[in-house]
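Student: From the sequence below, what's the structure:
(chains A and B, ligands or ions: 2)
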Amino acid sequence: MNSILEISGLRKSYGPLEVIKGVDLAMKPGEVVSIIGSSGSGKTTLLRCINLLEEFQGGDIRIDGQLIGYKTSNGKRVALPERERAKNRALTGMAFQQFNLFPHMTALGNVTLGLRKTRGMAKDEAVAVAEKWLERVGMSQRKNHYPIQLSGGQQQRVAIARAIAMNPKLMLFDEVTSALDPELVNEVLNVIQDLANDGMTMLLVTHEMRFAYQVSSKVIFMEHGVIAEEGDPKEMFHNPKSQRLAEFLGKSKFQ
Amino acid sequence: MNYSFDFVPIWRNFDTLLYGLGIGLSLAALSILIGVVIGGVVAFGLVSKNKPTAWIAGLYVSFIRNIPILLVIFFMFFALPQLGIRFSKITSFVAALSIYAGANLAEVFRGGLQAIPKGMTEAGMAVGLRPMQIRLSIIIPLMLRSTLPSMGNAFISLFKDTSLAAAIAVPELTYYARKINVESFRIIETWIVTSLLYVAATFTIASLLRLFEARLAIKR
Ligand SMILES: Nc1ncnc2c1ncn2[C@@H]1O[C@H](COP(=O)(O)OP(=O)(O)OP(=O)(O)O)[C@@H](O)[C@H]1O
Ligand SMILES: [Mg+2]
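Tutor: Numbering: from 1, shown residues only, chains lettered A, B, ... in the order given. Ligands and ions are numbered 1, 2, ... in the order given. Have a look, this model is predicted:
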């Protein structure tokens, strides 16, 4: 089977500071990969590169076989024009830690915006697709609410519906429960679990070790901008090979 | 002091005053509309990463904001014709007011733009929107919302500035008030009534704006 995501030799710097130092990663359709690692190890940056929210200086990212963000012309690496990049971005869906819902639009409006502008759907069609996904995340009762009228967990579920309604090849989740009150975490994790069961290909950064253990087909441990260890969740969590991972898991109290 | 008030000549010309008030409000409304467009475009210039663009926008804003508005009006009405550019009184006045409002609103909008979290743009990018679509569907609506109170104030002060139109004999409220003065000599009475008209109008506008803001606030 072809890879949905294929990253080779990814390098990214913020000015002089290199934060991704050669990452290779491949994901097959339906795979769920969790990225764990300590603060500042480059997890968010990796997701942002895949979603082209950041420039990167080296390596290639392919989504469903398509090279994104850059092309090679006359042996030189050049950034694609913004129009192309916008199309590339729509190949992946992103759910953010801070939800980032548009405050001037209802839940429904948040979901239909991309469907109409990017996917070019007519209003009725966009509304139908959006309603289907809002239903899926348990938010159809509140589709006409504005973000401020929703709890954090509800906002995050709408944000997930907004991303997934675009029918992306790959969903990216960046610590989507970190900004939530503890009692709201599960409603969001359940939605993600449900999408995973449904065969959605997903790459998620999380500090919820138990959830990573349960949902993932593979876990990646990042340290200082590289993948320090990767493998089957059972292996990783029960028999960590490296001292660093063992320490990290000890700190995050995974038993 | 044994001044005896006589408002009769004012009441006789009250419809003229109301007409002038209407003209003043229309001039302000037209100018704020054009000013919002100018201010919006210039604000994007101010925050532009392109150095020359930001510099030109900055020059416009600091120049216009630091000269008296009357000077802008005189420039439009008296100076431009010397260069062979001739507009009607009303056109030059609206142009002057719009340019002036544009500079002030550009500053207001710049603040509004800078206060929009980066996450809004990124959420738009993440669903595949192009930069212009992000500006139109997300950034501009959020900017207009957060700056609505300042726009209301700008409109009110612009409405008061329409009295300066009298200086180039555009017939509006102040102009008609002076005319009634000349004809009736009831100077105190005229200015009392005129002032009350200005106050009533600005008060009404302010109340309407507050109502509108309150309705928007429910949605935010
Ligand atoms: N916009 C930026 N400018 C400069 N440096 C940045 C920027 N964003 C992140 N960094 C740096 O890049 C490194 C990786 O950051 P990143 O946010 O990817 O870490 P993370 O693994 O997601 O951490 P956390 O678990 O705290 O979210 C850090 O050293 C961080 O300080
Ligand atoms: Mg992070």
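
Student: okay, CA-based contacts and neighbour counts for the rest of this
Tutor: Fine.

Student: which SS class is the residue in chain B that chain A sits nearest to?
Tutor: At 4.5 Å from chain A, residue B:128 is the closest residue in chain B, using C-alpha to the nearest C-alpha. Here residue B:128 is coil, with the state taken from DSSP: H, G, I helix; E, B strand; the rest coil.

Student: hang on, isn't it packed against residue A:115?
Tutor: No: look at residue B:128 against residue A:115 with C-alpha atoms under 8 Å: they stay out of range, at 9.5 Å.

Student: where do the helices sit along chain B?
Tutor: All helices of chain B, identified by DSSP state H, fall at B:8-12, B:14-46, B:51-65, B:69-74, B:80-82, B:89-114, B:118-126, B:131-134, B:140-146, B:148-161, B:173-184, B:187-219.

Student: The ones you listed: which one's closest to residue A:144?
Tutor: Of all the helices of chain B, it is helix B:187-219 that lies closest to residue A:144, at 10.3 Å by C-alpha to C-alpha.

Student: Okay, angle between the closest one and helix B:173-184 too, please.
Tutor: Interaxial angle, helix B:187-219 versus helix B:173-184 (axes from the mean of the first three to the mean of the last three C-alpha atoms, to 10 degrees): 160 degrees.

Student: From the contact counts, what lies against helix B:187-219?
Tutor: Helix B:187-219 sits against helix B:8-12, helix B:14-46, helix B:148-161, helix B:173-184, with contacts defined as 3 or more C-alpha pairs under 8 Å, 6 or more residues apart in numbering or on different chains; DSSP states H and E.

Student: Would you tell me which one of those is buried the most?
Tutor: Mean neighbours per residue, mean count of other C-alpha atoms under 10 Å in any protein chain shown, is largest over these for helix B:14-46, with a mean of 21.

Student: what packs against that one?
Tutor: helix B:51-65, helix B:89-114, helix B:148-161, helix B:173-184, helix B:187-219.

Student: export those to TSV and tack on mean pLDDT?
Tutor: As requested, the helices and strands packed on helix B:14-46 are arranged in TSV below (pLDDT from 0 to 100):
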stretch	mean pLDDT
helix B:51-65	97
helix B:89-114	95
helix B:148-161	92
helix B:173-184	88
helix B:187-219	88
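
Student: now the ones you listed as a markdown table including distance to ligand 1?
Tutor: Converted to a markdown table, the helices and strands packed on helix B:14-46 look like this (distance: least, C-alpha to the nearest ligand atom, whole Å):
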| stretch | distance to ligand 1 |
| --- | --- |
| helix B:51-65 | 21 |
| helix B:89-114 | 17 |
| helix B:148-161 | 31 |
| helix B:173-184 | 55 |
| helix B:187-219 | 31 |
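
Student: who wins for proximity to residue A:50 among those helices?
Tutor: Residue A:50 lies closest, by C-alpha to C-alpha, to one member of those: helix B:89-114, at 26.5 Å.

Student: Near chain B, which residues of the stretch 101-250 of chain A? Just list them.
Tutor: Residues of the stretch 101-250 of chain A found near chain B (C-alpha under 8 Å from any C-alpha of the partner chain) are A:101-104, A:114, A:117-118, A:146-148, A:163, A:166.

Student: and those, which two are the farthest apart?
Tutor: Pairwise distances across these peak at 25.4 Å for A:118 and A:148 (criterion: C-alpha to C-alpha).

Student: Of the helices of chain B, give the one that comes closest to residue A:140.
Tutor: Nearest of the helices of chain B to residue A:140, taken as C-alpha to C-alpha: helix B:187-219 at 18.1 Å.

Student: Enumerate the positions of the closest one that are buried.
Tutor: Neighbour-count burial for helix B:187-219, with 16 or more other C-alpha atoms under 10 Å in any protein chain shown as criterion, is recorded at B:189-191, B:193-194, B:197-198, B:201-202, B:205-206, B:209, B:213.

Student: what do you get for stretch A:68-83?
Tutor: The neighbour-count check on stretch A:68-83 (16+ other C-alpha under 10 Å) flags A:68-70 as buried.

Student: out of those residues, who's near chain B?
Tutor: Counting by C-alpha under 8 Å from any C-alpha, nothing from these sits close to chain B.

Student: Contacts only, for the nearest residue to residue B:38 once chain neighbours are set aside.
Tutor: Distance criterion C-alpha to C-alpha, 6 or more residues apart in numbering or on different chains; nearest residue to residue B:38, sequence neighbours excluded, is residue B:102 at 5.0 Å. By C-alpha atoms under 8 Å, 6 or more residues apart in numbering or on different chains, residue B:102 lies in contact with B:32, B:34-40, B:42.

Student: Repeat the analysis, applying 6 Å as the threshold.
Tutor: Neighbour list for residue B:102: B:35, B:38-39 [criterion: C-alpha atoms under 6 Å, 6 or more residues apart in numbering or on different chains].

Student: Mind telling me what element residue A:234 is part of?
Tutor: If you go by DSSP states H and E, residue A:234 is part of helix A:233-238.

Student: Please state the offset of that helix from the chain centre?
Tutor: Distance of helix A:233-238 from its chain centroid, counting by C-alpha atoms, centre = their mean, to the nearest Å, is 22 Å.

Student: quick one: low-confidence parts of the stretch 151-255 of chain A?
Tutor: A:253-255 (pLDDT under 70).

Student: where along it do the strands fall?
Tutor: Secondary structure of the stretch 151-255 of chain A (DSSP state E, counting those that start in this stretch): strands at A:170-174, A:202-205, A:218-223, A:226-231.

Student: What residues of the last one count as buried?
Tutor: When neighbours are counted by 16+ other C-alpha under 10 Å, the buried residues of strand A:226-231 are found to be A:226-230.

Student: who's in contact with that strand?
Tutor: Counting by C-alpha under 6 Å, 6+ apart, A:21, A:23, A:218-222 sit against strand A:226-231.

Student: Would you tell me which one of these comes nearest to ligand 1?
Tutor: Ligand 1 has its nearest neighbour among the contacts of strand A:226-231 in residue A:222, at 7.7 Å by C-alpha to the nearest ligand atom.
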